[in-house]
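[1] Sequence and predicted model, in that order:
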Amino acid sequence: MGKAGAPEKLIMHGKRLDSRKLDEFRPMEAAIGVIPQSRGSATFSFGDTHAIVGVQGPGPMHPKGLQEPTRTKLRCHYFMAPFATSERGRPGRSRRSTEISMVIGEALSNVIFLEEYPKTALDIFMEILQANASTRCAALNAASMALAEAGIPMKDLISSLSVGKADGQILLDVAGAEDNFGDVDMAVATVGGGDAFVLLQMDGVITLAEFRTMLDMAKHGCAVVHKKQKEALMKHYNSEEVSL
Amino acid sequence: MSNDYMKKLILAGTRADGRALDEFREVVVTKGVIKTAEGSAMVTIGKTKVIAGIKMDAATPYPDTPNEGNLVVDAEFVPFANPEFEAGPPSEHSIALARVVDRGIRECHAIDTEKLVIVPKELVWSVHIDVHTINDDGNLQDAASLAAIAALQDCKIPKYDVEKKQVVKEATAVVSSGKSLPLQDTPVEVTVHKIGNKLFVDPDVEEIEASDARVTIASTENGDLCAMQKGGNGSFTVDELVKAAEIAIEKGRELRERLE
Amino acid sequence: MEMKSELLVKERQLVAPGDVLARGLEHLPGSGSYRKNTDIRSKLLGLVRLKDRIVGVVPLSGVYVPKPGDGIIATVSDMQSTFWILDINSPYDALLQLGEATAEYIDIAKTDISVYFDIGDVVYVKILNVSRSKNVTLTMNDYRAKKLIGGRLMKVTPSKVPRIIGKEGSMIELIKKYTGCHIVVGQNGIVWLKGSNEALAAKTVLMIEREAHIRGLTDRVTAMLKTEGTPEPEQAQAEEGGA
């Protein structure tokens, strides 16, 4: 194949271009309460990929004709800022951002108790400020935390990451050159770090056996992400014993 | 009301029309249905009907693939196909359908795009697949993907006048070079649905309403997986996903035979 | 296999959505928690509240969801010939029928009901009923119900209201004492203040909202009020301002 600019090898002696092991995450950062004007907000980063999310609502749904009588209408809006990639991106919606908004909404609909706010609208605005692969995963992780901060009732948090394959090896948390020149990219999300997959998108060629290995690696990785999200939520309110 | 009834049937391992959970309705593929297209095919799965048409034209290559042709896939959910479809810009579902069909073809390099170069780094063939829904009785995704691949198999590259920089036409008709597209695989998409802990394929329009979650899986001629997309509000366990992939590979083989 | 019942959390413990609060069938889910198989899990980021066998969670944040019986502060946003529509700081609007606003006989052909409440008026009112589809009706038929004139309004997180009121109104009394302000707190997170030092009263309310979950709040509030406020003589304990 040989795409323009591809490095000769992505993995050498079990280490990746950024010195990570095959099953190692980039440094992750998570925080909530970052946008005071939103009901709930959060940031989440995988290395250089930064996502910021704000939740507005539940609020009155207009036009009334589109209200759902028994539940809130969940509307997800995923955008990539024009300065998030090295080539300026076009602002506004794209087919890609529409599809990502949809799959993120489907993942979150699995855990949100939508019936607690009939006839309202719940809007989640997600923006990628800086992109280096796993952008929808970072957005979903932040969205889950922002919803918690907003007091939206949910069965659990959703945790997301990407796994991939490059130079024939299966990798956790695809980034940079691995994303552009690797063979496979699979974005997943599970509920509460467990065995229920609510998001799955895969591009690239893999065998059935490789699929199972990637799913297992993804499942364990999501549990690690879940811990990180929990830490951020607890830390914001001081994990020492509190009183009301 | 119809939802609960459908769910009950599937959970009991049966279906309203008597099919097994892993059984497709009758699949018919007809190639060359649109004279004005360079390639075309109509696919019916039960009462679901879609038509895919391919138009080819010369274009500048994308900056990161200067010596490869382009592939574009669009889908139109025409409102006559289902009373729920609205006129207007593409819905998120039609966008997602088109993108998943695209990835199934692109990721396994079904088209050898390096052989679609007209003038290196300057001019390449662009293959534009448009899938239109004619009647939606469920499972548009699998029908669309099958129609796209059938249309690619049917497609003939137009004659190109490099000096005049245009496709050769006689009156208004495109003149064919007689050459087929350089195809090197036949990816087939199968969408596996889930209700409770039961997996099933090819739902009709009522079964789709009852479905908790679905995963579309594209597989290649030699049984590898090349694209996947999970949809719906439900979830899958690891074991269910692996089982779904097995079903998709097996049903993919059956559907591939229909392309002959 | 024996299923042992176990409570895994303490009162006021901070929990996140999905956290397991109790195992076994001895405990029951309450507001803010749900049952999954034999576990009780939190739905919210909030603080555990235990009452007998019920394990619930109070959110640290969230919109107001109207409940029958709640006393709230509402603003008139619209009216028709026989009822008013009020903003109750919720995704849902509320209706106040003429018959629930006054016991007098009104000839609606001859009366413009804005003589009773006009657009922009602020009232303390009780929620009469909330239907399943969240149609909210209000009533003034309660000894606390009245128009609130003058003063200023503030918005706080509804779940912090109990802390702002204090045990048997102790926190409101404390603020009244040092700021000379009458304070009315609605369950819907709207606070009305009127008096000599409204700015200090508002500052105190915000401090309580911000630090409601941290130990020693009452002491800190008392300390701040002593420093920045002036203790009022007993006369401030007169009628609350109103219609």
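    Here it is on my side, so go on. Numbers count the residues shown, from 1 in each chain, chains lettered A, B, ... in the order given.
[2] in chain C, what spans have low per-residue confidence?
    Judged against pLDDT under 70, the low-scoring parts of chain C cover residues C:1-3, C:233-243.
[3] and it, what are its domains?
    Per the record, chain C has its domains at C:6-59, C:71-148, C:152-231, by automatic domain parsing.
[4] Tabulate the ones you listed (JSON lines), appending mean neighbour count and distance to chain A.
    Any C-beta I mention is one placed from the backbone N, CA and C, and that applies to glycine too. Listed next are these as JSON lines, based on neighbours: other C-beta atoms under 10 Å in any protein chain shown; distance: least, C-beta to the nearest C-beta, whole Å:
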{"stretch": "domain C:6-59", "mean neighbour count": "20", "distance to chain A": "3"}
{"stretch": "domain C:71-148", "mean neighbour count": "16", "distance to chain A": "4"}
{"stretch": "domain C:152-231", "mean neighbour count": "19", "distance to chain A": "4"}
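[5] how many neighbours does residue 114 have?
    I'll assume chain A. For A:L114, the count of nearby residues is 21 (other C-beta atoms under 10 Å in any protein chain shown).
[6] The intended chain is chain B.
    The number of residues near B:E114, taken as other C-beta under 10 Å, comes to 15.
[7] Touching, it and B:P66? I think so.
    No: B:E114 sits out of contact with B:P66 when judged by C-beta atoms under 8 Å, with a separation of 10.8 Å.
[8] ok, residue 164 - contacts?
    The chain I'm using is chain A. A:I170, A:L171, A:V174, A:E178, A:D179, A:G182, A:D183, A:V184, A:D185, A:M186, A:G204 (C-beta atoms under 8 Å, 6 or more residues apart in numbering or on different chains).
[9] try again with chain C
    C:I164 is in contact with C:V156, C:M171, C:I172, C:V185, C:V191, C:V205, C:I208, C:E209, counting by C-beta under 8 Å, 6+ apart.
[10] Take the residues you listed and keep only those in strands.
    Among those, the members falling in strands are C:V185, C:V191 (criterion: DSSP state E).
[11] which two in the contacts of C:I164 are spaced the farthest apart?
    The most widely separated members of the contacts of C:I164 are C:I172 and C:E209, with 13.9 Å between them, by C-beta to C-beta.
[12] ok so, going back, so how do I select the buried members of the contacts of A:G164 in ChimeraX?
    ChimeraX command restricting the contacts of A:G164 to the buried ones, with burial defined by 16 or more other C-beta atoms under 10 Å in any protein chain shown:
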select /A:170,171,174,178,179,182,183,184,185,186,204
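[13] Keep only the contacts of A:G164 that also lie close to chain C.
    Restricting the contacts of A:G164 to those touching chain C (C-beta under 8 Å from any C-beta of the partner chain) yields no residues.
[14] What ranges does chain A have for its strands?
    Under the criterion DSSP E, chain A carries strands at the ranges A:11-12, A:15-16, A:28-32, A:40-46, A:49-60, A:73-80, A:120-130, A:158-166, A:169-172, A:184-191, A:197-206.
[15] Pick out the shakiest of the ones you listed, pLDDT-wise.
    In terms of average pLDDT, strand A:11-12 trails the rest of those, at a mean of 80.
[16] Show me which residues of chain A are close to chain B?
    So far as C-beta under 8 Å from any C-beta goes, chain A lies against chain B at A:3-5, A:95-96, A:98-99, A:101-103, A:106, A:109-110, A:186, A:190-191, A:195-208, A:211-212, A:215-216, A:219.
[17] Quick one, which of those residues are buried?
    Those of these that meet the buried threshold are A:95, A:98-99, A:101-103, A:106, A:109-110, A:186, A:190-191, A:195-206, A:211-212, A:215, A:219, by 16+ other C-beta under 10 Å.
[18] just the helices in chain C please.
    Per DSSP state H, chain C carries helices over the ranges C:98-101, C:161-165, C:170-179, C:198-211, C:217-228.
[19] now swap in chain B and tell me
    Going by DSSP H, chain B shows helices at B:2-11, B:92-107, B:140-154, B:205-210, B:238-257.
[20] ok, now which ones touch B:H128?
    The neighbours of B:H128, taking C-beta under 8 Å, 6+ apart as the test, are B:I54, B:K55, B:M56, B:D57, B:V72, B:V73, B:D74.
[21] try 6 Å
    Taking C-beta atoms under 6 Å, 6 or more residues apart in numbering or on different chains as the contact definition, B:H128 lies against B:K55, B:V72.
[22] The spatially closest residue to B:A213 that is not a sequence neighbour: neighbouring residues, count only.
    Excluding its sequence neighbours, the residue lying closest to B:A213 (C-beta to C-beta, 6 or more residues apart in numbering or on different chains) is B:G234, at 3.0 Å. Neighbourhood size, B:G234 [other C-beta under 10 Å]: 20.
[23] Retrieve the pLDDT associated with B:G234.
    With respect to pLDDT, B:G234 scores 96.
[24] One more: the one 10 residues further on?
    What the model reports as pLDDT for B:A244 is 98.
[25] isn't it right next to B:V215, touching?
    Yes: B:A244 is in contact with B:V215 according to C-beta atoms under 6 Å; the separation is 5.3 Å.
[26] overlap in contacts of the two?
    Shared contacts of B:A244 and B:V215, defined by C-beta under 6 Å, 6+ apart, are found at B:V192.
[27] Can you tell me what sits against stretch B:168-186?
    Residues beyond stretch B:168-186 that count as contacts (C-beta under 6 Å, 6+ apart) turn out to be B:108, B:110-112, B:115, B:149, B:152, B:155-159, B:161, B:167, B:220-221, B:256.
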